[in-house]
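In: Here is the input, now give the coordinates:
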Amino acid sequence: MIIRVAILSLPIRRSFDYLPIQESQKEENYPAGIRVKVPFGRQQRVGIVIEVLQSSSIPEDKLKPILNILDSKPLLPPILHKLMLYSANYYHHHIGEVYESALPVLLRRGKAATEEMINLYCATTTGDSDKNQLELKRAPRQKLLLDILQQHPDGMSSESIRDVFSNWNSPMAGLIKRGLVIKRSEAIECSSIKEQSETYSNILKEQPLTLNSEQQRAVDLSHHLPLLLQGVTGSGKTEVYLQIIQRVLESGKQALLLVPEISLTPQTVQRFRDRFNIYIVLLHSKVSDSERLNGWLQARNGEAGIVIGTRSAIFTPLKYPGVIIIDEEHDGSFKQQSGFRYSARDIAVLRGREEKIPVILGSATPSFESLYNVTTKKYLQLPLTMRAGGAKPPQLSLIDVRSRKMRNMLSSPLLEKIHEHLSNNGQVLLFLNRRGYAPVLLCHHCGWSAVCERCDINYTYHQQRKKLICHHCGSERPKPQQCPECGSSGVKTIGAGTEQIEEALQNNFSETSIARIDRDTTSKKGALDRKLEQIHSGDNQILLGTQMLAKGHHFPNVTLVAILDADGGLFGSDFRSSEQMGQLITQVSGRAGREKRHGEVVIQTHNPDHPLLITLLKAGYPAFAEVAMNERKLAQLPPYSRLALIRADAIDPQITIKFLSEVSVIALQLTTTDNTIEILGPVPSPMEKRAGRYRAQLLFQSTQRKALHTLLETLTIKVDKLKSARKVRWSLDVDPMDML
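Out: The predicted structure is shown next:
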């Protein structure tokens with residue numbers, strides 16, 4: 001008997017054969033999907049049993065026995081194990097790394113599949129004394145935190161506290177020192193969702209909102225195909241999700257909600273906690289390893305009624321699966337960009353089909369792939385055309401900035417609009433998807449510019465840090481006081497980022513409070529939460545930010561949204577640029593006029609006559625998507641064809657091109673009788689040099705998915721055997737989202 005094992009955390013495209021443990025020779029002891037510890041070279045590694053064979057191509061006397069069996073039963077149910085195998089096959093990736101994406105870190109390291117002890121914080125009775133109440137008046141954050149803890153007599157985990165109270169560690173330490181809070185460690189015990197739904201007379205903490213007719217239809221609709229819920233911004237998609245999930249919970253089943261990382265804010269999570277009287281777990285990158293393992297196990301054991309997570313949460317096992325919801329399904333973050341390059345959205349659709357549960361894809365700006373799947377009858381579509389609460393759609397207009405004097409990307413008409421809305425006590429949101437002070441530092445005397453030598457691309461100047469920073473590899477250097485080439489002092493910045501816009505706004509509106517939200521201002525833990533709280537409380541009248549500010553937030557007092565530069569997406573080198581531009585403009589515009597106050601959106605552009613831009617403004621996203629998709633169809637680009645991209649990088653550009661040229665020759669030999677596959681390249685990547693390595697790519701395009709995957713299956717095996725493959729780092733990206 002031979003045990004075939006996929007080693008975890010090992011970037012090798014093959015599995016390995018082992019002998020069974022001497023004391024455990026029965027085949028039933030090695031079901032597919034259990035973890036085992038095996039010898040690997042001089043190390044011991046954790047692997048997943050893939051299958052049991054009767055023989056191996058390697059002589060049995062050269063095989064090593066398994067060291068230890070870590071699980072008595074598979075970690076994943078059979079349907080998810082099957083999904084792992086399908087994903088490895090579709091994306092032509094090694095099953096070991098596929099499984100690694102599905103497991104919490106502690107399970108990958110060989111920890112037992114049992115819940116870890118976690119810290120619980122509990123308020124003591126001494127907090128009610130008059131003396132302590134008086135002392136806490138001088139420590140308002142401690143008092144606020146104590147009030148929250150007193151509402152949870154069984155205690156709160158650090159994760160639960162973090163969801164509702166940012167930067168809680170310092171006030172918690174003060175409360176513990178005063179003896180008002182104690183910390184204890186224990187394993188959380190929780191009944192299954194079936195028992196919870198039977199135990200609670202009402203699983204709701206608060207009553208749901210009244211739905212309009214379109215929302216009610218979405219909740220009532222019974223469907224077996226994936227449902228594309230296309231709702232205009234502010235149409236109340238989240239309330240639809242909440243009421244669909246309510247019905248799932250009442251039937252004793254679980255709900256899985258995937259959201260983009262950028263949208264997973266405490267406000268989003270709190271809305272679910274405020275609504276439901278059941279156990280909710282979060283699975284995302286900021287959760288500790290022990291909390292992630294506990295949440296994963298609680299989902300698998302049926303204890304967590306709702307699982308909210310980012311991309312990798314799609315592999316979370318559910319004992320009683322009821323529904324999968326993908327919010328903002330168009331968001332590019334659902335496609336993994338390194339290692340196992342999977343699409344969580346596409347895997348969700350497949351998982352829903354296998355588990356026979358509904359899958360709901362929500363977006364105000366659906367991806368062209370999803371819209372195409374509607375036309376081919378693979379998805380159902382349900383529009384939500386009415387804004388919730390009777391809010392009216394914002395008024396959109398263009399500002400033609402050609403030949404117009406600009407001050408730090410702020411035109412005179414825009415400044416007048418800002419003054420007007422501020423005087424009417426409205427908040428103003430300005431959007432620019434470029435952080436830093438300026439994207440270029442240039443000498444006006446000799447033409448020198450500050451370029452990152454590792455990436456051959458301009459440094460971005462960050463004035464607050466007085467540094468030049470490469471946004472691609474992260475390298476930094478001080479800003480030179482004079483030109484390093486000619487010694488001139490005429491070194492100037494070109495272009496503007498959010499730092500510079502903030503400075504200009506402060507000069508123009510000195511009496512107005514401004515909040516800048518980008519990666520630089522929110523890098524510290526809890527910083528984003530604090531800024532959002534200030535915005536909602538009205539402390540800031542002008543909001544300035546990148547896409548961190550543009551997506552998924554509800555700002556009821558924002559009456560003016562200004563997009564400072566809409567031109568980048570019109571002429572991008574990636575064929576998806578126009579789609580992403582339309583989505584971003586629509587999403588940003590949706591922040592205006594979300595309740596009773598009328599909203600206005602102004603867009604600055606050098607191309608006011610561009611047909612796509614005009615269509616978007618006058619007819620909306622659906623008409624824009626139709627026009628743009630017709631252009632894709634003429635060019636036979638996705639979703640009307642399938643793509644696969646082989647990327648390679650090395651320290652020498654010739655090595656990269658040589659490797660991909662050999663791959664191209666093999667591919668051409670494999671497709672001599674198939675004219676449905678087009679091979680393009682190899683060519684240097686649009687950004688050829690990054691972090692000191694030279695990058696190139698080879699593109700495969702076909703209107704026949706089966707033919708393309710047949711080629712890739714054979715090609716990857718042959719490429720692995722190339723000597724030149726050892727000199728490069730290469731990867732295969734099926735259905736790539738990023739061509740750069």
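In: For residue 733, list the residues it contacts.
Out: Residue 733 is in contact with 341, 644, 645, 646, 647, counting by CB atoms under 8 Å, 6 or more residues apart in numbering. Placement of C-beta: from N, CA and C, glycine included.
In: Show me which positions of stretch 568-582 end up buried.
Out: 569, 572, 576, 578, 579, 580, 581, 582 (16 or more other CB atoms under 10 Å).
In: er, stretch 147-154 actually
Out: Going by neighbour count (16+ other CB under 10 Å), the buried part of stretch 147-154 is 148, 149, 150.
In: How far away from the center of its chain is the lengthiest helix in the chain?
Out: If you go by DSSP state H, the chain has its longest helix at helix 653-670. Relative to its chain's centre, helix 653-670 lies at 33 Å (CA atoms, centre = their mean, to the nearest Å).
In: Which strands and helices lie in contact with that helix?
Out: strand 642-650, strand 677-690, strand 693-702, helix 705-720 (3 or more CB pairs under 8 Å, 6 or more residues apart in numbering; DSSP states H and E).
In: Residue 478: which of these is closest?
Out: Proximity of the helices and strands packed on helix 653-670 to residue 478 was assessed by CB to CB; the nearest stretch is strand 677-690, lying at 22.4 Å.
In: one step back: present the helices and strands packed on helix 653-670 as JSON lines; the columns should include distance to residue 327 and mean pLDDT.
Out: Compiled in JSON lines, the helices and strands packed on helix 653-670 are given as follows (distance: least, CB to CB, whole Å; pLDDT from 0 to 100):
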{"stretch": "strand 642-650", "distance to residue 327": "26", "mean pLDDT": "96"}
{"stretch": "strand 677-690", "distance to residue 327": "30", "mean pLDDT": "91"}
{"stretch": "strand 693-702", "distance to residue 327": "31", "mean pLDDT": "95"}
{"stretch": "helix 705-720", "distance to residue 327": "27", "mean pLDDT": "94"}
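In: re earlier: PyMOL command for the buried members of the contacts of residue 733?
Out: Restricted to the buried members of the contacts of residue 733, where burial is judged by 16+ other CB under 10 Å, the PyMOL selection command reads as follows:
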select buried, resi 341+644+645+646+647
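In: farthest pair in the contacts of residue 733?
Out: Set against one another by CB to CB, the contacts of residue 733 have their most distant pair in 341 and 646, with a gap of 11.6 Å.
In: So for those two, which residues contact both of them?
Out: Taking CB under 8 Å, 6+ apart as the contact definition, residue 341 and residue 646 share the neighbouring residues 731, 732, 733.
In: Quick one: these as TSV, columns for pLDDT too.
Out: Compiled in TSV, the shared contacts of residue 341 and residue 646 are given as follows (pLDDT from 0 to 100):
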residue	pLDDT
731	94
732	96
733	96
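In: all helices for the stretch 151-300 of the chain, in order.
Out: Ranges of helices within the stretch 151-300 of the chain are 158-164, 169-178, 193-199, 213-220, 237-250, 266-275, 289-300, based on DSSP state H, counting those that start in this stretch.
In: Alpha carbons of the first one, as PDB, please.
Out: In other words, helix 158-164. Written as PDB, here are the backbone C-alpha positions of helix 158-164 (Å, rounded to 0.1, in the frame of the first residue of the first chain):
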ATOM      1  CA  SER A 158     -10.200  40.500  21.900                       C
ATOM      2  CA  GLU A 159     -11.700  40.000  18.400                       C
ATOM      3  CA  SER A 160     -15.200  41.000  19.600                       C
ATOM      4  CA  ILE A 161     -13.900  44.000  21.400                       C
ATOM      5  CA  ARG A 162     -11.900  45.100  18.300                       C
ATOM      6  CA  ASP A 163     -15.000  45.000  16.200                       C
ATOM      7  CA  VAL A 164     -16.700  47.700  18.300                       C
END
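In: Output the contacting helices and strands for it.
Out: In terms of contact count using 3+ CB pairs under 8 Å, 6+ apart, helix 158-164 is assigned the packing partners strand 118-123, helix 140-150, helix 266-275.
In: So which residues make contact with that helix?
Out: Surrounding helix 158-164, the residues in contact under the criterion CB under 8 Å, 6+ apart are 118-119, 121, 145, 148, 152, 168, 172, 266, 269-270, 273, 282, 287-288, 291.
In: May I have the helix or strand where residue 603 lies exported as CSV, CA atoms only?
Out: With elements taken from DSSP states H and E, the one containing residue 603 is strand 600-605. Included here for strand 600-605 are C-alpha records, laid out as CSV according to Å, rounded to 0.1, in the frame of the first residue of the first chain:
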residue,chain,number,x,y,z
GLU,A,600,-24.2,66.1,-6.8
VAL,A,601,-21.3,64.6,-8.5
VAL,A,602,-18.7,66.5,-10.6
ILE,A,603,-16.0,64.9,-12.7
GLN,A,604,-12.9,66.7,-13.9
THR,A,605,-11.6,65.5,-17.3
